[in-house]
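**Q** okay, sequence plus prediction incoming.
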There are 4 protein chains.
Amino acid sequence: MQAANTPRTDLALEAREMITKQVSQEVPGVLVETSEDDEILITRVNITTPEAERLMGKTQGRYVTIEAQGLRYKNTPLQEKIMNYLAQELAGLAQLPRDATILVVGLGNWNVTPDALGPRAVDKIVVTRHLQDMLSPELKGGVRSICAIAPGVLGITGMETAEIVHGIASKIKPDLVIAIDALAAASSHRVITTVQLADTGIHPGSGVGNKRFGLTQESLGVPVIAIGVPTVVHASTIAMDTIHTLQEHSSFARYFKSMENLTEQDRQVIVRQVLPDTLGDLMVTPKEVDRLIADIADVVAGGINQAMHPGIDYENIHIYLH
Amino acid sequence: MQAANTPRTDLALEAREMITKQVSQEVPGVLVETSEDDEILITRVNITTPEAERLMGKTQGRYVTIEAQGLRYKNTPLQEKIMNYLAQELAGLAQLPRDATILVVGLGNWNVTPDALGPRAVDKIVVTRHLQDMLSPELKGGVRSICAIAPGVLGITGMETAEIVHGIASKIKPDLVIAIDALAAASSHRVITTVQLADTGIHPGSGVGNKRFGLTQESLGVPVIAIGVPTVVHASTIAMDTIHTLQEHSSFARYFKSMENLTEQDRQVIVRQVLPDTLGDLMVTPKEVDRLIADIADVVAGGINQAMHPGIDYENIHIYLH
Amino acid sequence: MQAANTPRTDLALEAREMITKQVSQEVPGVLVETSEDDEILITRVNITTPEAERLMGKTQGRYVTIEAQGLRYKNTPLQEKIMNYLAQELAGLAQLPRDATILVVGLGNWNVTPDALGPRAVDKIVVTRHLQDMLSPELKGGVRSICAIAPGVLGITGMETAEIVHGIASKIKPDLVIAIDALAAASSHRVITTVQLADTGIHPGSGVGNKRFGLTQESLGVPVIAIGVPTVVHASTIAMDTIHTLQEHSSFARYFKSMENLTEQDRQVIVRQVLPDTLGDLMVTPKEVDRLIADIADVVAGGINQAMHPGIDYENIHIYLH
Amino acid sequence: MQAANTPRTDLALEAREMITKQVSQEVPGVLVETSEDDEILITRVNITTPEAERLMGKTQGRYVTIEAQGLRYKNTPLQEKIMNYLAQELAGLAQLPRDATILVVGLGNWNVTPDALGPRAVDKIVVTRHLQDMLSPELKGGVRSICAIAPGVLGITGMETAEIVHGIASKIKPDLVIAIDALAAASSHRVITTVQLADTGIHPGSGVGNKRFGLTQESLGVPVIAIGVPTVVHASTIAMDTIHTLQEHSSFARYFKSMENLTEQDRQVIVRQVLPDTLGDLMVTPKEVDRLIADIADVVAGGINQAMHPGIDYENIHIYLH
């Protein structure tokens, strides 16, 4: 019972799907709960044991995904609904007192469109830490102290994001860090249509940019909630999926002697043939990724704003934006 | 002998490769000539008969591709070499008198990174039509009258690009139109590494944005040279390639009874399974596509500038840029 | 009775103010009408005679300005009110049948922030000309055929904007051209706070970029409505204003022998001293001009959208945007 | 002997000019030294006493300005010359060992064009701290360990820039901080044409954005060199200059009884009349400020790169850029 050789995914939801498929049973120590309406599916995956952590390749903790295929299309009412759910789930995970200070960190590279979710979302966060003394008492009750930064990636700053965030957190002393990041999914239909929240923080190797560092309660000394949206599928995942589809469709069985025995090594040979290593990281994204990232960054920032500032009148949200 | 069911490509070079592979012989009516040095391969494909046009799925005419894998990496000397070759090939195809007026058109959508090559290159064109009266006689001999526009795509303007260009050309009366466009390749290793010039203009269905219109000598009444660079591979091409690789590698033969008989219909079923239609157009691009497009747009514009303005001192090119 | 030596302004409203001040009476042939509420002042200036045209330095025709100091501050309800007034005034000037085709032209240079109003507003226009066949009959009644382009300035394209627009109009055959442009005001308090509509089109010398061309019914063969917003005051206007203020305030009279006799030539000497010609065009803008232009571009585009597409549900306007 | 009521400037050079003019003598405790060639003027101002600090309104320390009117025009050879001088002066002020670590901080707001110099320059810094282990021994000798960040302004992050930089410096422990900032000048002819270096760091109230904080050796525990370029003149400076010009030109004397007695209060009345407070901060900038800032950011970054990395081959500088 081994999790190797599965396509790369940052979604706990997909990791679980792949493993349950491989082993044809639920993964022990992984609790799953879903709720849905006609447009939206919410899945809560709780990884509760070290063994489950090992099998899933995901740190112990709670993962919530909110999925809606409709997010691909400009659809303001659906976007607001997702914002509301995101705000609820975030408030549930964070459990913050009214006077908490929160540091929102937008991870990723603003010069690489599919990696720019974090910086774009941070642009839309209603930042209030510097206004605390100016807020009226009524407003103050519903507006938490938020600060935010998109620190840039290692190649741009020469500093690990974790170093920068650690340094800032040591001065600001936030009660919570929220880290926003662009993710890689295993299935192209989850790209831009899924938001994942996790109370585990950010772990090395995750994200579009393959973080080398972690942003976790251990490393920062403060709880870290990660919010991510898949914006790409690795091209190798498409090739892998094609082979799997060939193997699994019984209607193709007549072509094969023993396709189920195709070795992992053979699979790697095929993928390398189709996608030579020399090309660097090839990503599969929707053609309109620039617009889709802008839209989903609004949804993510909107959900955070709502969860953190329940007292703001969102009809007039623009008043609060820099 | 049929060209159907081959992966989508805008490169005549790749179309020819695919067909010669299918039919195991050279395509009649298609003349091919190559030259190379250690870093660069130039291929000239001349489609000379209507039958060759039909087989290749590409209009009769001359296609030149300049390929260099090194274009993926920041490498100024190689970029300059490619600029020089591009300038030579363009001058050869265009055969312009010194007093010609040229309209450069940047096709594609500036809001969609992999489709933005045309607009980005137009930004770097040394525009001179409005300066003709101010140029000194010595300079005038080496500086042609260039004007340039990136008209935007149908969804942005509500007008077909062909309508806009036709309208402008009817006022400006250029001797030549050069149309720059982002293309789709069949092989991921050609993305950003290949520049194609064609004296056939732009044909419907081509380009990243799948043009609905043509920009040709017939439609505009003026010769049109198309310059394109592949910036994407369609995701379906990756899936198709995976199947082909499985079929072709003799080392996998032991798994199959009769894989060579896999029907085209079966192939489509697999691709649709892996890449549901509902996702719209999925593109495969290098992760750093934003930077790569900026770099290659410089190369394309540099080559055009050199071919059109042989008298400009390129050490001081910035003087001439708006 | 001469209009010379007055500060540069593109607003008919300001031209009239200056002349009535100089000659201490209403200008013959200029009809003025105002209406206001607590936040907004609408002024309709009608220049009805060639003599009035000469005195005002503005072409005969109707000019409507909508002013609201509050536009400087993020204030969504006020912005919507201005949009509504703008839509009404535009509908009144345009008098278009339901099946009209309109070409919206965004003038100015997108690389020069205070000149970028036109291109930014065009980005937000609901373009529909290419969708006419796809609209349901109910919707069709309330959605006119709109196309739009930001052609760029002479230094970018090598073509006069008038050539480009003329060429396109000769193909598209619109019933009306709406030209959006950034203007220069004489008073800094009108920057970003005033929208001017004029049924006279665009005349040479106007706008932040000092157009060399006209876009008028005479030149295009189609009615042209100009919509402009002042985004700058020329720095020389600040210097001139300072001298005027010195001259006019009776409290400063004790300093002067005969300040009212300060010659125009002396004034020019002072201004040239303060603002040497070698510096090129110096502009006075609010520090947050980038944000203010984005906001006012939304208002201008919103007003045009509403006037042209009375049947669109503006709660869901995003559905219609590219 | 008092420095009040002088126009606002961030240049020590201009502060000195104004005071020597007012008091008609050199300022005691301020040492000045100039050198020049036909295009470039270098002035070294050394404020050596607390009394000089009080008079000048500038912290004790060394200020070097490099001026060249030609910087307004695209002129690559001049830009390179300025880069070289800047590199020399910076190396002279910094006196760094080869193995020093330097943190470059780009101050200012990237959303406000004239305040964006710092962030734009940081984009061009050759960042190397993360590559130290990968450099060949030969290269290592000529490439210092540089890291860089543009932290954003208070309104964007909710955090004082000083808090962020302090936090980061406490983790990174640099040997030197270089802070790049956009400045305000008193004379429009110094806008974009002057680079100032100062070993005093950044002080509250300086810069286009009027910093509320300081970045100094006292606050950070590390030497701080400030590099700034004036990008604006406050509009009030234009009004003040106009009054001064009137007062000072003997040719206007015939108009006045006693203009030299114009009180400071009267001057304020005039300026407020011309530029009402309600308009917020009005800035005077060249029309092409977007392009000019991009060009001068290249010069500033180029000078820093050269001073810090003497061993890099600047023909191939692009290789090192992210």
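**A** The structure has been received and is ready for your questions. Numbers count the residues shown, from 1 in each chain, chains lettered A, B, ... in the order given.
**Q** quick check, central residue of chain A?
**A** By Cα atoms, centre = their mean, chain A has its centre lying nearest to A:Gly228, at 1.8 Å.
**Q** surely it touches A:His203?
**A** No - contact status for A:Gly228 versus A:His203: not in contact, 11.4 Å apart, counting by Cβ atoms under 8 Å. Quick note: C-beta positions are derived from backbone N, CA and C, even for glycine.
**Q** let me see the contact set for the residue nearest to the residue nearest to the centre of chain A when sequence neighbours are not counted.
**A** Nearest residue to A:Gly228 in three dimensions, chain neighbours excluded: A:Leu183, at 4.2 Å (Cβ to Cβ, 6 or more residues apart in numbering or on different chains). If a contact means Cβ atoms under 8 Å, 6 or more residues apart in numbering or on different chains, then A:Leu183 has A:Asp10, A:Leu11, A:Gln196, A:Ser206, A:Gly207, A:Val208, A:Gly228, A:Val229, A:Pro230, A:Thr231 as its contacts.
**Q** cross the residues you listed against strands and list the overlap.
**A** A:Gln196, A:Gly228, A:Val229, A:Pro230, A:Thr231 (DSSP state E).
**Q** chain C: which of those is nearest?
**A** Proximity of the ones in strands among the contacts of A:Leu183 to chain C, judged by Cβ to the nearest Cβ, is greatest for A:Val229, which lies at 19.1 Å.
**Q** give me the beta-bridge partners of that closest one?
**A** Counting by DSSP bridges, A:Val229 is bridged to A:Ala182.
**Q** can you tell me how far the residue nearest to A:Gly228 sits from A:Val195?
**A** Distance, A:Leu183 to A:Val195, by Cβ to Cβ, to the nearest Å: 10 Å.
**Q** quickly list what's touching both of the two.
**A** A:Gly228, A:Val229.
**Q** from the chain's centre, how far out does stretch A:193-202 sit?
**A** Stretch A:193-202 sits 4 Å away from the centroid of its parent chain (Cα atoms, centre = their mean, to the nearest Å).
**Q** gap between the two ends of it?
**A** Terminal residues of stretch A:193-202 are spaced 20 Å apart (Cα to Cα, to the nearest Å).
**Q** that stretch near chain B at all?
**A** No - Stretch A:193-202 stays clear of chain B (Cβ under 8 Å from any Cβ of the partner chain), getting no nearer than 9.1 Å.
**Q** which SSE is immediately downstream of the worst-scoring helix or strand of chain A on mean pLDDT?
**A** Scoring the helices and strands of chain A by mean pLDDT, DSSP states H and E places helix A:137-141 at the bottom, with a mean of 71. Note on helix A:137-141: by DSSP states H and E, the next helix or strand toward the C-terminus is strand A:145-149.
**Q** what does that following strand rub up against?
**A** A:99-106, A:122, A:125-130, A:132, A:164, A:168, A:172, A:174, A:308-309, D:151-152, D:156-159, D:164.
**Q** listing partners with orientation, what would you give for that strand?
**A** Note on strand A:145-149: by DSSP bridges, its sheet partners are strand A:101-106 (parallel).
**Q** what mean pLDDT does the strand it pairs with get?
**A** The average pLDDT within strand A:101-106 is 98.
**Q** okay, and the residue lying closest to A:Glu26 once chain neighbours are set aside sits in which element?
**A** Among residues not flanking A:Glu26 along the chain, A:Thr20 sits closest, at 6.0 Å (Cβ to Cβ, 6+ apart). Secondary structure from DSSP H and E places A:Thr20 in helix A:12-23.
**Q** can you tell me the residue of the stretch 51-200 of chain A closest to chain C?
**A** With Cβ to the nearest Cβ, the shortest gap between the stretch 51-200 of chain A and chain C falls at A:Lys74, namely 5.1 Å.
**Q** hang on, that residue packs against A:Asp295?
**A** Yes - using Cβ under 8 Å, A:Lys74 is in contact with A:Asp295, at 7.0 Å.
**Q** please enumerate the strands of the stretch 51-200 of chain A.
**A** Under the criterion DSSP state E, counting those that start in this stretch, the stretch 51-200 of chain A contains strands at A:61-67, A:101-106, A:145-149, A:176-185, A:194-198.
**Q** the inter-axis angle of the second one versus strand A:176-185?
**A** Inter-element angle recorded for strand A:101-106 and strand A:176-185: 20 degrees (by axes from the mean of the first three to the mean of the last three Cα atoms, to 10 degrees).
**Q** with just CA atoms, put strand A:101-106 into PDB.
**A** Coordinates of each C-alpha in strand A:101-106 appear next as PDB, following Å, rounded to 0.1, in the frame of the first residue of the first chain:
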ATOM      1  CA  THR A 101      -4.300  40.800  14.300                       C
ATOM      2  CA  ILE A 102      -3.900  38.800  11.000                       C
ATOM      3  CA  LEU A 103      -1.100  38.900   8.500                       C
ATOM      4  CA  VAL A 104      -2.200  37.800   5.000                       C
ATOM      5  CA  VAL A 105       0.700  36.600   2.800                       C
ATOM      6  CA  GLY A 106       0.300  36.300  -0.900                       C
END
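**Q** okay then, goodbye and thanks.
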